[in-house]
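Novice: Model the following, please.
(one chain, ligands or ions: 1)
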Amino acid sequence: MPDISHTAILGSGVIGASWAALFAASGRSVAVYDPAPDSKETTLAYIEKAWPALQGLGLVQPGPRAQVTFHATAADAVKDAQFVQENVPERLGIKHATYAKIEPALLPQAIVASSASGLTLSQMQDGWQNPDRLILGHPFNPPHLIPLVEVMGNDRTAPGLLRRAEAFYAEIGKTTIRVNKEVPGHVANRLQAAIWREAIHLVLEGVASVEDVDKAVSAGPGLRWAAMGPTALFGIGASGGLEAFCDHFGEVFNGWWDDLGQPHMDAQTIQTLVSGWQDAMQDTSVEEQSAKRDAMLIEILKALKPLG
Ligand SMILES: NC(=O)c1ccc[n+]([C@@H]2O[C@H](COP(=O)([O-])OP(=O)(O)OC[C@H]3O[C@@H](n4cnc5c(N)ncnc54)[C@H](O)[C@@H]3O)[C@@H](O)[C@H]2O)c1
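Specialist: Predicted coordinates for the structure are as follows:
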């Protein structure tokens with residue numbers, strides 16, 4: 001095992017429990033802190049439920065299961081951990097209070113990665129005496145399945161720390177990207193927001209139903225995006241490569257971009273979306289649909305794995 005064999009999870013809700021499952025599957029022991037009275041039961045139940053998928057994806061190390069322990073304080077959970085994934089609620093006050101409690105207890109070489117989706121690294125650094133060990137390590141839900149982690153450090157980050165974090169994430173099966181500049185929503189959530197904005201615009205304009213706009217993504221470009229990103233795909237979309245593609249279609253895209261919508265998430269928009277979504281769901285439940293999503297994701301990930 002490399003230099004990270006013991007980890008800690010702070011906040012074991014939707015995101016933290018999923019990270020805990022992945023860290024444990026990778027053979028690293030996990031120390032959990034979450035003040036919710038039932039956090040031990042819910043975290044262990046989540047890990048049990050996630051385990052078959054992790055096994056199916058080849059992410060479980062052979063041998064005895066790594067220990068998952070539960071602690072009464074954040075400081076106690078982090079005290080021997082070389083890597084800490086922080087997933088406490090997305091409120092700056094709670095993040096800062098957590099950092100103030102753990103900072104004196106951390107090992108000198110420990111890395112602390114925050115899962116924060118909306119808060120920026122510099123906002124979170126303000127909660128430290130010395131923030132040189134804090135990075136952004138933003139996953140996509142659920143982290144034990146979706147490979148992407150957006151990582152970010154800045155000039156207050158210790159030299160080499162980001163590379164150590166990237167190596168750790170790679171060892172547990174993650175694909176990292178570096179965010180080089182602070183923007184709200186980092187990279188992937190902004191991309192999701194851009195697609196959803198146009199999807200909503202098309203529905204509000206009556207161009208297609210919620211169900212059909214969703215199908216236009218999942219049965220069309222969404223399938224290609226699981227293989228490659230948009231620029232790589234357009235680069236092979238013309239025999240002369242990306243330059244030829246841009247020469248050919250540049251003005252077409254300029255026209256489409258000028259025509260894209262700017263919907264607003266007001267009560268009327270929400271009502272239109274919810275009613276279209278209910279039609280598409282027919283009689284299935286959210287639980288059934290999320291189980292279906294996970295089963296499909298696992299098969300897609302398995303298919304993609306041998307292809308690199
Ligand atoms: N849900 C997502 O899709 C998603 C995706 C990526 C990143 N994130 C980020 O992950 C973080 C956690 O989000 P979540 O969706 O798991 O939230 P959540 O509400 O499901 O979980 C938060 C957990 O933190 C616990 N908690 C509350 N106060 C605490 C404290 N002081 N110390 C430790 N734990 C505490 C709660 O009991 C709860 O179990 C947020 O920063 C969020 O932006 C969420």
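
Novice: Quick one: distance of stretch 4-13 to the chain centre.
Specialist: The chain centre lies 16 Å from the centre of stretch 4-13; the measure is CA atoms, centre = their mean, to the nearest Å.

Novice: One more: stretch 119-135?
Specialist: Relative to its chain's centre, stretch 119-135 lies at 19 Å (CA atoms, centre = their mean).

Novice: Equivalent analysis for stretch 18-33, please.
Specialist: Centroid separation for stretch 18-33 versus its chain: 16 Å, with CA atoms, centre = their mean.

Novice: That one - what's its average pLDDT?
Specialist: Over the span of stretch 18-33, the pLDDT mean works out to 98.

Novice: Check the separation of the first and last residues in that stretch.
Specialist: 14 Å (CA to CA, to the nearest Å).

Novice: And stretch 67-86, by the same measure?
Specialist: Start-to-end span of stretch 67-86 (CA to CA) is 19 Å.

Novice: List the buried residues of that stretch.
Specialist: Neighbour-count burial for stretch 67-86 flags 68, 70-71, 74-86 (criterion: 16 or more other CB atoms under 10 Å). In short, each C-beta sits where N, CA and C put it, glycine included.

Novice: Closest to the ligand out of those residues?
Specialist: Closest approach between the buried residues of stretch 67-86 and the ligand, by CB to the nearest ligand atom: Ala74, at 5.8 Å.

Novice: looking at it, Val84 is touching Ala8, isn't it?
Specialist: Yes - using CB atoms under 8 Å, Val84 is in contact with Ala8, at 4.5 Å.

Novice: hmm, back to that, closest one of the buried residues of stretch 67-86 to Leu191?
Specialist: Closest approach to Leu191 among the buried residues of stretch 67-86 (CB to CB): Gln85, at 23.1 Å.

Novice: Just the element for the closest one, please.
Specialist: Under the criterion of DSSP states H and E, Gln85 resides in strand 83-86.

Novice: Check which helices and strands the helix or strand following that strand is in contact with.
Specialist: Sequence order places helix 92-102 as the next helix or strand after strand 83-86, per DSSP H and E. Where contact means 3 or more CB pairs under 8 Å, 6 or more residues apart in numbering; DSSP states H and E, helix 92-102 is packed against helix 74-78, strand 83-86, strand 111-114, helix 121-125.

Novice: quick one: strands adjacent to the helix or strand that the last one is followed by?
Specialist: Read that as helix 121-125. Next along the chain after helix 121-125, taking DSSP H and E as the criterion, comes strand 134-139. Strand pairing for strand 134-139, determined by DSSP bridges: strand 111-114 (parallel), strand 148-152 (antiparallel).

Novice: rewinding a little: what residues are shared contacts of Val84 and Ala8?
Specialist: Here Val84 and Ala8 have Val78 as joint contacts, going by CB atoms under 8 Å, 6 or more residues apart in numbering.

Novice: how close does Leu92 get to His144?
Specialist: In this view, Leu92 and His144 are 27 Å apart by CB to CB, to the nearest Å.

Novice: More neighbours: those two, which one.
Specialist: Counted by other CB atoms under 10 Å, Leu92 and His144 do not tie: His144 has more neighbours, with 27 against 15.

Novice: Go ahead and confirm the more buried one touches Phe23.
Specialist: No - taking contacts as CB under 8 Å, His144 lies outside contact range of Phe23: 9.1 Å.

Novice: which SS class is Thr69?
Specialist: Thr69 carries the three-state label strand when classified by DSSP: H, G, I helix; E, B strand; the rest coil.

Novice: bridging residues for it?
Specialist: Legend: beta-bridge partners of Thr69 under DSSP bridges are Ala31.

Novice: List the residues that contact Tyr297.
Specialist: Just to correct that, residue 297 is Leu rather than Tyr. Contact analysis of Leu297 by CB under 8 Å, 6+ apart lists 145-146.

Novice: Residue of the stretch 201-308 of the chain nearest the ligand, please.
Specialist: Residue nearest to the ligand within the stretch 201-308 of the chain (CB to the nearest ligand atom): Ser290, separated by 12.0 Å.

Novice: all helices for the stretch 101-250 of the chain, in order.
Specialist: Assigned by DSSP state H, counting those that start in this stretch, the helices in the stretch 101-250 of the chain fall at 121-125, 161-171, 188-204, 210-218, 221-227, 230-235, 241-259.
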